[in-house]
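> no sequence for this one, just the structure:
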């Protein structure tokens, strides 16, 4: 007698496994633990076979009957449903091997053998943060140029235009690896040429590659100019404020005990806090006996009543042999913004807050100076530790 929906729903488990037949080889197997499993008996090449059709209630009575009919059609066409299922499972596993994230991870593993650790880490973080959440589970041969462009536009949305261009370059490298391993016929990223916002050619020069940053920091460490300029040069990458804000820093605004520098941003006329790392405090303590009795941390070479020249740091960089098209005083901000994002992986909104850019909340209100301060303190210490490791060749 055929089963009914109400009957299937009301069946209670017994002390032994029991079978309830629906007809045509389909039956419901109910275990003592309460599981209700659809089974199908059929004959193929003269032998009786048994296949599972799923679990109730995920698979309803109607679904089970439809699966029974599908299996019978396969048998009628000389195909064993069990063999068909094995082939589908194998195809599914193969498809998983072709997912973009899987291919990208394989490519990264290959490159890790020849890349420097920090370079590998930077690219891996970029992919995990900006790419995998959106196309990581897509088969590599199903990804289209519009799919890639959506990913890149998200990156551009936070004004990380150089990161977007670098990500596009990574796409090309990964797809070429997929082509070489027989998973793809052509590279969809080739059609993105000209689709991204061009990085301005007249942007302020800045060193943003870790290897070059390490060389820059070691050059700064070897500077032998006046103690005041030397200190300003050492602090510039650590605090990454605007050059004018650095040279006009006042001792009255710096709290050595709480490790904070509070001042009014010259560009936006808003209050701002720079958390001072351990390394920054050590440098300030070195200069304090020299300038601590006056107003300015970095006073002029001619008088204590004025800050040092706005060209002092720039001139120091040039004396170290660093050309004007390589680095400028403002470039320390671009350096921090790029590496805090791409290498250390800090959220862009924290970086923007610390850069004292115009960040607004969901209601359109400008941030106050204490917003995200605990997280910013951790970020600034992590930044100082990172720079110290680079300088020391680690």
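Received the coordinates, thanks. It should be emphasised that the depicted structure is a prediction, and the values quoted were computed from it without experimental measurement. Numbering: from 1, shown residues only.
> CA atoms for contacts and neighbours, from now on please.
Noted.
> tell me the contacts of the nearest residue to residue 137 once chain neighbours are set aside?
Spatial nearest neighbour of residue 137, excluding adjacent residues (C-alpha to C-alpha, 6 or more residues apart in numbering): residue 99 at 5.3 Å. With contact set as C-alpha atoms under 8 Å, 6 or more residues apart in numbering, residue 99 has these partners: 136, 137, 138, 139, 140.
> what do you get for residue 12?
Counted by C-alpha under 8 Å, 6+ apart, residue 12 has contacts residue 34.
> hang on, it in a strand?
No - counting by DSSP: H, G, I helix; E, B strand; the rest coil, one finds residue 12 to be coil, located in no strand.
> quick revisit: and the residue nearest to residue 137, bridged to which residues?
Under the criterion DSSP bridges, residue 99 forms beta bridges with residue 139.
> also residue 49?
For residue 49, the beta-bridge partners are residue 42 (DSSP bridges).
> any idea how far residue 332 is from residue 314?
Noted for residue 332: a distance of 12 Å to residue 314, by C-alpha to C-alpha, to the nearest Å.
> hmm, I typed the wrong one, I wanted residue 33.
From residue 33 to residue 314 the distance is 78 Å (C-alpha to C-alpha).
> which one's more surrounded, those two?
Legend: neighbour count by other C-alpha atoms under 10 Å for residue 33 and residue 314, higher for residue 314 (18 against 12).
> what is the rounded mean pLDDT of the one helix or strand that one maps to?
Using DSSP states H and E, residue 314 sits within helix 312-319. For helix 312-319, the mean pLDDT works out to 86.
> residues in contact with that helix?
Applying C-alpha under 8 Å, 6+ apart, the contact partners of helix 312-319 are 220, 223, 225, 229, 232, 233, 323, 324, 327, 328, 329.
> for these, give me JSON lines that also has neighbour count, distance to residue 263 and pLDDT.
Formatted as JSON lines, these follow (neighbours: other C-alpha atoms under 10 Å; distance: C-alpha to C-alpha, whole Å; pLDDT from 0 to 100):
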{"residue": "220", "neighbour count": "18", "distance to residue 263": "26", "pLDDT": "91"}
{"residue": "223", "neighbour count": "18", "distance to residue 263": "28", "pLDDT": "88"}
{"residue": "225", "neighbour count": "11", "distance to residue 263": "27", "pLDDT": "85"}
{"residue": "229", "neighbour count": "23", "distance to residue 263": "21", "pLDDT": "92"}
{"residue": "232", "neighbour count": "23", "distance to residue 263": "17", "pLDDT": "92"}
{"residue": "233", "neighbour count": "22", "distance to residue 263": "20", "pLDDT": "93"}
{"residue": "323", "neighbour count": "12", "distance to residue 263": "31", "pLDDT": "80"}
{"residue": "324", "neighbour count": "14", "distance to residue 263": "29", "pLDDT": "73"}
{"residue": "327", "neighbour count": "20", "distance to residue 263": "26", "pLDDT": "83"}
{"residue": "328", "neighbour count": "21", "distance to residue 263": "23", "pLDDT": "80"}
{"residue": "329", "neighbour count": "27", "distance to residue 263": "19", "pLDDT": "78"}
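> strands - which of those residues land there?
Among the contacts of helix 312-319, DSSP state E puts none in strands.
> narrow the residues you listed to those in helices?
220, 229, 232, 233 (DSSP state H).
> for the protein, what helix or strand is lowest in average pLDDT?
When each helix and strand of the chain is scored by mean pLDDT, DSSP states H and E, helix 81-97 comes last, with a mean of 68.
> domain-wise, how is this structure divided?
Residue ranges for the domains of the chain, per automatic domain parsing: 5-82, 100-192, 210-391.
> okay, those domains in a markdown table with distance to residue 198 next?
Output for those, formatted as a markdown table (distance: least, C-alpha to C-alpha, whole Å):
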| stretch | distance to residue 198 |
| --- | --- |
| domain 5-82 | 52 |
| domain 100-192 | 8 |
| domain 210-391 | 17 |
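> quick check: which of these is nearest to residue 88?
domain 5-82 (10.0 Å; C-alpha to C-alpha).
> any idea how far apart the tips of that closest one sit?
End-to-end distance for domain 5-82: 27 Å, by C-alpha to C-alpha.
> still on that earlier bit, can you tell me which of the ones in helices among the contacts of helix 312-319 is closest to residue 50?
Closest to residue 50, out of all of these and judged by C-alpha to C-alpha, is residue 220, at 76.3 Å.
> ok, so what distance separates that closest one from residue 314?
According to C-alpha to C-alpha, residue 220 stands 12 Å off from residue 314.
> next: residue 124.
Distance, residue 124 to residue 314, by C-alpha to C-alpha: 35 Å.
> got it, and residue 387?
20 Å.
> okay, now residue 389: neighbour count?
12.
> for the helix or strand harbouring it, list every residue counted as buried.
In this structure, residue 389 is located in helix 373-391 according to DSSP H and E. Across helix 373-391, burial judged by 16 or more other C-alpha atoms under 10 Å covers 373, 376-377, 379-388, 390-391.
> what helices or strands is it leaning on?
The contact analysis (3 or more C-alpha pairs under 8 Å, 6 or more residues apart in numbering; DSSP states H and E) places helix 373-391 against helix 210-221, helix 227-239, strand 271-275, helix 278-291, helix 348-354.
> could you redo the last one with a cut-off of 6 Å?
Helix 373-391 is packed against helix 210-221, with contacts defined by 3 or more C-alpha pairs under 6 Å, 6 or more residues apart in numbering; DSSP states H and E.
> and the helices in the stretch 101-250 of the chain, which stretches?
117-130, 132-135, 145-156, 161-180, 210-221, 227-239, 243-247 (DSSP state H, counting those that start in this stretch).
> which stretches of the stretch 251-394 of the chain have low pLDDT?
Along the stretch 251-394 of the chain, segments meeting pLDDT under 70 span 266-268, 358-370.
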